[in-house]
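Enquirer: take this sequence and fold it.
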Amino acid sequence: MPFKSLLVFLLFPLMCFSSTIKVCKTCKETSLSSAISVAQKGDTILIYKGTYKEHNLIITKPITIIGVDNPVIDGESKETIFTFKTDNFNLQDLTIINVGRSFTKDYAAILVSRSHHFSIKNIQIRNLFFGILIEKSHFGLIENNIIKSKSTSEAGAGNGIHMWHSSNIIVKNNDLSGLRDGIYFEFVSKSTISNNKSYNNLRYGLHFMFSNHNEYHHNTFKDNGAGVAVMFSKYIKMHDNKFLHNWGSASYGLLLKEIYDAEIYNNTFEQNTIGINAEGSTRINYKYNLFLRNGWAIKVRGACYENIFTNNNFISNAFDLAYNSKINSNLFDNNYWSEYTGYDLNKDGIGDVPFRPVKLFSYIVNQTPETIVLLRSLFVDIINFSEKVSPVFTPDNLVDKAPLMKEIQ
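Expert: Below you'll find the predicted structure:
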């Protein structure tokens, strides 16, 4: 039997016995809960325009729920609204509002538990505790959702998209703001985060914990409390992201803590207190990143070894690099530094004089933050020059031996 004929033959029973259930004020089913109770495996529920005050909707069979003309599901601030405990479900084209709040339970607009092969698309969620909460689930798509809240304290706020013990999830084209963390991963693997906007969140735009073999790219993280944190993870690819305007006394564009064997390239770090704050992070390749007008472009703290910084642009930062150790096993090579004042006699585009990116004043500010008030003084220029001539406090081998004369385009 030809393949197409065989496929039709196999799908014929499903096509025959699946049905469409309509929900509206004048339909046979006037509530979503009643439609869910009568739905069978493979059915589609169409929810028509209107406001439906419902919560604790538990779905345990593979169905599709689609909104028509943007219906609103109002949870009346009571508890979790949708709970999916099934494989092969789809939810799309709805507005969900007024999720319950609790200091002891993680109420969510959408809870997905132990599910495989699902999609959540085109959902608007407002006035929430947690937005989309995924636990022990795999092979999912979370796309084109808008999740917005107006949280004022971390203790009373949840995360926009929160995943735990999951894998093979695609999170793309979502808009997240006013939350504790925009996106949170814990024990998540083989997943991708792309083309999302996460901004004005109380803590992190993105928060990784114990999550290996993941990739995030082409996202914008702006005006968050402390930017993005990637912690206790391995084999992460971070590229083509924008880390913008993450300001504060303890803020940064990107925090790396106990990260190993990662790739960080083609990112923009602009106007952050600290562009990248790295601690206990080893064997990371930093390539083709732009560090523009940050307080510190990069702060390298303890236990950072065998990292490679090459072909990056460091432009108009107050400090390009802070280093708290006299021992260096990291390589800086072929970067562009706007602070570089050397020359290029043979016109090969590479400076003839090595560049020392760690200034003595940067070391002093690390030890005594109050001295930052002297940043533009003549005294600072003098001590920086003395350290450049005869390094005492900074690693003598921490140099870019081939600094570029022109910005990398």
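Enquirer: how about low-confidence regions in the stretch 101-250 of the chain?
Expert: Under the criterion pLDDT under 70, no range of the stretch 101-250 of the chain is flagged.
Enquirer: and stretch 331-348, how far apart are its ends?
Expert: 21 Å (C-alpha to C-alpha, to the nearest Å).
Enquirer: going by neighbour count, list what's buried in it.
Expert: The neighbour-count check on stretch 331-348 (16 or more other C-beta atoms under 10 Å) flags Phe332, Asn334, Asn335, Tyr336, Trp337, Glu339, Tyr340 as buried. No exception for glycine: its C-beta is placed from N, CA and C like everyone else's.
Enquirer: could those residues be laid out in TSV, adding distance to Ser233, secondary structure and pLDDT?
Expert: Output for those, formatted as TSV (distance: C-beta to C-beta, whole Å; DSSP: H, G, I helix; E, B strand; the rest coil; pLDDT from 0 to 100):
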residue	distance to Ser233	secondary structure	pLDDT
Phe332	24	strand	96
Asn334	28	coil	97
Asn335	26	coil	98
Tyr336	29	strand	98
Trp337	30	strand	97
Glu339	32	coil	91
Tyr340	34	coil	93
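Enquirer: can you read off the pLDDT for Ile315?
Expert: On the pLDDT scale, Ile315 is placed at 98.
Enquirer: which residues does it form beta bridges with?
Expert: Beta bridges link Ile315 to Leu292 when assigned by DSSP bridges.
Enquirer: measure it to Ile21 for me?
Expert: 58 Å (C-beta to C-beta, to the nearest Å).
Enquirer: of these two, which one has the most company?
Expert: Taking other C-beta atoms under 10 Å, Ile315 and Ile21 do not tie; Ile21 has more neighbours (21 against 18).
Enquirer: list the contacts for the more buried one?
Expert: Glu29, Ala35, Val38, Ala39, Asp43, Thr44, Ile45, Leu46 (C-beta atoms under 8 Å, 6 or more residues apart in numbering).
Enquirer: among those residues, name the ones in helices.
Expert: Counting by DSSP state H, the part of those found in helices is Ala35, Val38.
Enquirer: tell me the SS of Ala322?
Expert: When classified by DSSP: H, G, I helix; E, B strand; the rest coil, Ala322 comes out as strand.
Enquirer: is the closest residue to it other than its chain neighbours in a bridge, and if so with what?
Expert: Distance criterion C-beta to C-beta, 6 or more residues apart in numbering; nearest residue to Ala322, sequence neighbours excluded, is Lys299 at 4.4 Å. Counting by DSSP bridges, Lys299 forms beta bridges with Asn277, Ala322.
Enquirer: thought Lys299 was touching Ala278?
Expert: Yes: at 6.9 Å, Lys299 counts as touching Ala278 under the criterion of C-beta atoms under 8 Å.
Enquirer: any idea where the strands of the stretch 1-150 of the chain begin and end?
Expert: Assigned by DSSP state E, counting those that start in this stretch, the strands in the stretch 1-150 of the chain fall at 20-23, 44-47, 51-53, 57-59, 64-67, 72-74, 82-84, 90-97, 108-113, 116-126, 130-135, 138-143, 146-148.
Enquirer: what segments of the stretch 251-400 of the chain are helices?
Expert: Along the stretch 251-400 of the chain, the segments classed as helices by DSSP state H, counting those that start in this stretch run 360-367, 378-389.
Enquirer: looking at the ones you listed, which has the lowest confidence?
Expert: helix 378-389 (a mean of 55).
Enquirer: can you confirm Ser166 is in a strand?
Expert: Yes: under three-state DSSP, Ser166 falls within a strand.
Enquirer: got a list of what Asn346 touches?
Expert: Asp352.
Enquirer: before we move on, what about Ile170?
Expert: So Ile170 contacts Gly140, Leu141, Ile142, Glu143, Ser191, Thr192, Ser194 (C-beta under 8 Å, 6+ apart).
Enquirer: restricted to buried residues, select those residues in PyMOL.
Expert: What follows is the PyMOL syntax selecting those of those that are buried according to 16+ other C-beta under 10 Å:
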select buried, resi 140+142+143+191+194
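Enquirer: adding distance to Thr64 as columns, could you present the contacts of Ile170 in TSV?
Expert: Formatted as TSV, the contacts of Ile170 follow (distance: C-beta to C-beta, whole Å):
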residue	distance to Thr64
Gly140	14
Leu141	13
Ile142	16
Glu143	15
Ser191	23
Thr192	24
Ser194	24
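Enquirer: follow-up on the earlier one: buried ones among the contacts of Ile21?
Expert: Buried among the contacts of Ile21 (16+ other C-beta under 10 Å): Glu29, Ala35, Ala39, Asp43, Ile45, Leu46.
Enquirer: between all of the contacts of Ile170, which two are separated the most?
Expert: Using C-beta to C-beta, the pair of the contacts of Ile170 lying farthest apart is Gly140 and Ser194, separated by 14.4 Å.
Enquirer: bridging residues for the residue lying closest to Met209 once chain neighbours are set aside?
Expert: Of all residues not flanking Met209 in the chain, Glu186 sits nearest, at 4.5 Å (C-beta to C-beta, 6+ apart). Applying DSSP bridges to Glu186 yields these beta-bridge partners: Trp164, Met209.
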